[in-house]
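Student: My questions concern the predicted model and sequence given below.
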Amino acid sequence: MSSELQTLLTTKGAKEFAETLQGSPVSIEALLASIRTEDTISPEKIAWIRERINSSDKSWREMFVYATTGNTMLSPGVRINICPSERDVFEIHTCFNSIALPTALMSKEDFLIALDVVLAETNYNIG
């Protein structure tokens with residue numbers, strides 16, 4: 001164990017030590033802060049995702065983070081990238097901490113239903 005981690009363990013305690021190594025539970029604020037978007041994404045779709053996060057329960061947030069990062073906790077400094085899909089479908093890539101959104105026009109309701117279906121999958125390299 002590095003001296004930095006030993007110091008953290010002895011000065012802050014086991015909980016902060018575990019969060020440093022494994023990440024922290026996914027709060028709405030932390031998830032929103034981790035999101036990075038490209039300018040080419042529809043502002044409307046970004047707003048829909050932010051609204052979905054704001055109204056989400058812990059289980060949904062963990063599912064979103066797991067799908068995009070491979071972890072149910074947010075590690076310090078992790079960024080979740082939202083970009084356009086080149087194939088016009090939802091694509092989730094845990095290796096790149098990203099979700100690619102379809103660029104096709106669709107209603108908010110259809111978009112959010114499709115997002116939930118994709119997040120419920122178990123193979124997160126969709127596409």
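Tutor: Here it is on my side, so go on.
Student: For the rest of this, base every contact and every neighbour count on C-alpha atoms.
Tutor: Will do.
Student: where does the protein have low pLDDT?
Tutor: Across the chain, the ranges flagged by pLDDT under 70 are 1, 5, 8-9, 12-24, 122-127.
Student: How about the residue nearest the centre of the chain, nearest residue that isn't a chain neighbour?
Tutor: For the chain, the residue nearest the mean C-alpha position is residue 65 (3.7 Å; Cα atoms, centre = their mean). Nearest non-adjacent residue to residue 65, counting by Cα to Cα, 6 or more residues apart in numbering: residue 72, 5.8 Å away.
Student: Helix, strand, or coil at the one you found?
Tutor: Secondary structure, DSSP: H, G, I helix; E, B strand; the rest coil: residue 72 is coil.
Student: Next up, the contacts around it.
Tutor: Counting by Cα atoms under 8 Å, 6 or more residues apart in numbering, residue 72 makes contact with 25-26, 62-63, 65-66.
Student: now the strands: where do they sit in this protein?
Tutor: For the chain, applying DSSP state E gives strands covering 35-37, 80-84, 91-93, 98-101.
Student: Tell me which other helices or strands the last one touches.
Tutor: The elements that strand 98-101 packs onto, with contact taken as 3 or more Cα pairs under 8 Å, 6 or more residues apart in numbering; DSSP states H and E, are helix 58-69, strand 80-84, strand 91-93.
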